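With the sequence up front, the predicted model follows.
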Amino acid sequence: MTAAFVAGATGFTGKAVVAELRQRGIQTVAHVRPDSRELSRWQEHFGGLAVEVDTTPWQADALADTLQRRGVTLVFCCIGTTRTRMKAQGQAQNSYEAVDYALPKLLAEASATAGCVTRFVYLSSLGAGPRAQGAYLQWRWKAEEAVRASGVPFTIARPSIITGQRDEARPSEAFAGKAADGFLSLLGAFGATTLRDRYRSTTDTRLANALVRLALDPVQAGQTVLSEHLQ
Ligand SMILES: NC(=O)c1ccc[n+]([C@@H]2O[C@H](COP(=O)([O-])OP(=O)(O)OC[C@H]3O[C@@H](n4cnc5c(N)ncnc54)[C@H](OP(=O)(O)O)[C@@H]3O)[C@@H](O)[C@H]2O)c1
């Protein structure tokens, strides 16, 4: 039986992944961080989708045990922070290391230990790479490498900008998405379709559909999938 575990289930993409899994009738567990201030809101939200909320602490043994006990076969890791969030939550500037790198690494290793996980889908970002510019993309690349080294069967997804109706306002992201799409469609009209397809934005729902499709496709094991295939 297929059973899914979504880490970062309270995020923009994570929520859409949970909804997509339920639409396909897949038994799903939404992981909410144990220190969440909005646990009851999330319990209500996910309860409405017949999704159980799990608050296992971010500890390797505890997570491996949870995955094993629940018979989880698919893990989706949609975790990440932003500079704005770091500031708002009074987090240190090294939070990319503590969140974007350390948590996916921990979860991938726990998934390998659990032994029941047939696919670990890691939501990375377009631009991640060994020579990436900037701390965010450098930590994303290190997280990708940790997933690859963990021993769990994985698929890594690198989307471009994710647009749609967020709870939290991110005007610069929405503006960047619109501006880039406008410029890229112009380039596409002049024949630069590869560039257009690589960098144009996607939505939370289109991305969630692609992530679940990749998780269920045996051919995608061990692959790093770029934006144009996540539309
Ligand atoms: N947004 C984009 O345009 C874009 C483009 C390319 C790639 N990506 C990547 O895709 C990922 C998901 O994006 P998104 O827009 O869906 O993100 P999001 O809405 O900001 O969601 C982030 C998730 O990570 C969790 N999280 C953050 N800090 C945490 C911590 N310290 N401990 C435990 N959980 C924590 C959040 O939980 P809480 O709700 O409890 O805070 C939330 O569930 C990001 O990591 C990003 O790097 C995003």
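Sure thing, it's come through.

Residue 36 is in contact with residue 45, isn't it?
No. If you go by CB atoms under 8 Å, residue 36 and residue 45 don't touch, sitting 11.8 Å apart. Placement of C-beta: from N, CA and C, glycine included.

higher neighbour count, those two?
Counted by other CB atoms under 10 Å, residue 36 and residue 45 do not tie: residue 45 has more neighbours, with 18 against 13.

Start from the N-terminal end of the protein and give the strands.
With DSSP state E applied, the chain shows strands at 3-7, 27-31, 52-54, 74-77, 119-123, 154-158, 162-163, 202-203, 223-226, listed in chain order.

Export these as JSON lines, with columns for mean neighbour count and distance to residue 179.
Conversion of the strands of the chain to JSON lines gives the following (neighbours: other CB atoms under 10 Å; distance: least, CB to CB, whole Å):
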{"stretch": "strand 3-7", "mean neighbour count": "26", "distance to residue 179": "31"}
{"stretch": "strand 27-31", "mean neighbour count": "24", "distance to residue 179": "33"}
{"stretch": "strand 52-54", "mean neighbour count": "17", "distance to residue 179": "37"}
{"stretch": "strand 74-77", "mean neighbour count": "27", "distance to residue 179": "29"}
{"stretch": "strand 119-123", "mean neighbour count": "26", "distance to residue 179": "23"}
{"stretch": "strand 154-158", "mean neighbour count": "23", "distance to residue 179": "20"}
{"stretch": "strand 162-163", "mean neighbour count": "22", "distance to residue 179": "12"}
{"stretch": "strand 202-203", "mean neighbour count": "20", "distance to residue 179": "16"}
{"stretch": "strand 223-226", "mean neighbour count": "16", "distance to residue 179": "21"}
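
Stretch 98-106 and the ligand in contact?
Yes. Residues of stretch 98-106 contacting the ligand under CB under 6 Å from any ligand atom: residue 99.

For that stretch, which outside residues touch it?
For stretch 98-106, contacts defined as CB atoms under 8 Å, 6 or more residues apart in numbering pick out 7, 58-60, 63, 77, 79-81, 91-92, 122, 136, 139-140, 142-143, 146-147, 150.

try stretch 216-229
Residues outside stretch 216-229 that contact it (CB under 8 Å, 6+ apart): 2, 74, 119, 124, 126, 144, 153-160, 194, 197-200, 202, 210, 214.

Pull the biggest helix by length in the chain out as CSV, backbone CA atoms only.
Counting by DSSP state H, the longest helix found in the chain is helix 171-189. Provided in CSV are the C-alpha atoms of helix 171-189 (Å, rounded to 0.1, in the frame of the first residue of the first chain):
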residue,chain,number,x,y,z
PRO,A,171,4.9,40.8,-3.3
SER,A,172,8.5,40.6,-4.6
GLU,A,173,8.1,36.9,-5.5
ALA,A,174,4.8,37.5,-7.2
PHE,A,175,6.3,40.5,-9.1
ALA,A,176,9.4,38.6,-10.1
GLY,A,177,7.2,35.7,-11.4
LYS,A,178,5.1,38.1,-13.5
ALA,A,179,8.0,40.1,-14.8
ALA,A,180,10.0,37.0,-15.7
ASP,A,181,7.0,35.3,-17.4
GLY,A,182,6.3,38.4,-19.5
PHE,A,183,10.0,38.7,-20.6
LEU,A,184,10.2,34.9,-21.2
SER,A,185,7.1,34.8,-23.4
LEU,A,186,8.6,37.5,-25.5
LEU,A,187,11.8,35.5,-25.8
GLY,A,188,9.7,32.4,-26.6
ALA,A,189,8.0,34.3,-29.5
